[in-house]
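Enquirer: Quick one: sequence and predicted model below, then my questions.
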Amino acid sequence: DPNATVTSGDTGLTCLGCSITDEGNVINTNLDDAARISVPAGLTGSAFIQVTDTSQTYTGAHRVGFVVQNPDTLIDLTLLETITITTLLNGTEQESFTGSSLVALSILGGGDQALVSFDSTDDFNQVQIDLGSLVGLLNDLDVFSACVAPPAP
């Protein structure tokens with residue numbers, strides 16, 4: 001969307017060594033490239049990518065999420081527990097869901113890509129994905145795009 005902006009970062013000193021690369025890929029028109037979030041093993045912090053729609057506020061119920069892929073394996077419950085998706089309205093948190101509170105749906109024809117999402121009820125104009133660490137392993141997540149759609153039937 002030409003009215004979208006993207007920012008990224010981490011939770012500070014607790015995420016020393018966290019990195020985000022190519023975050024602009026999350027809002028470009030090429031659905032085959034991705035940003036990558038990397039979080040070293042055993043850290044208490046997290047790294048994030050936040051997308052802002054500068055032209056509208058989404059009101060009422062919506063399905064909100066990100067198309068993601070773990071570069072090393074399928075999205076499983078262990079990895080899902082390290083993902084948090086948050087909606088915000090002008091920088092103020094509205095709703096936030098983590099792990100088993102999120103729905104992960106495989107994308108047909110998308111290889112190992114999955115839509116990780118939840119159904120929102122509060123108004124928002126920003127959506128953020130946070131990735132925490134795994135015990136003993138580097139946690140990498142490729143983020144292809146942010147998605148907002150009507151709620152699932």
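Expert: On my side now, so go ahead. Numbers count the residues shown, from 1 in each chain.

Enquirer: List the beta-bridge partners for residue 87.
Expert: Using DSSP bridges, the bridge partners assigned to residue 87 are residue 95, residue 127.

Enquirer: Report pLDDT for it.
Expert: On the pLDDT scale, residue 87 is placed at 98.

Enquirer: Ok, the one 10 residues further on next?
Expert: The confidence metric pLDDT takes the value 95 at residue 97.

Enquirer: Find the helix or strand that it is a member of.
Expert: Assigned by DSSP states H and E, residue 97 belongs to strand 92-98.

Enquirer: ok, now residue 148?
Expert: Using DSSP H and E, residue 148 sits in strand 139-149.

Enquirer: Show me what that strand is packed up against.
Expert: Applying 3 or more Cβ pairs under 8 Å, 6 or more residues apart in numbering; DSSP states H and E, we find strand 139-149 packed against strand 35-39, strand 47-53, strand 62-69, strand 126-131. Bear in mind the C-beta positions are built from the backbone N, C-alpha and C, glycine included.

Enquirer: which residues touch the last one?
Expert: Looking back up the chat, that one is strand 126-131. Identification of contacts with strand 126-131 by Cβ atoms under 8 Å, 6 or more residues apart in numbering yields 37, 39, 46-53, 64-66, 68, 82-91, 116, 139, 141, 143, 146, 148.

Enquirer: The second one now?
Expert: The contact list for strand 47-53, computed with Cβ under 8 Å, 6+ apart, reads 1, 3-11, 15, 18-20, 23, 26-27, 35, 37-39, 88, 125-131, 143, 146, 148.

Enquirer: backbone phi and psi for residue 19, please?
Expert: Phi and psi for residue 19, reported as degrees, to the nearest 10, are phi -150, psi 150.
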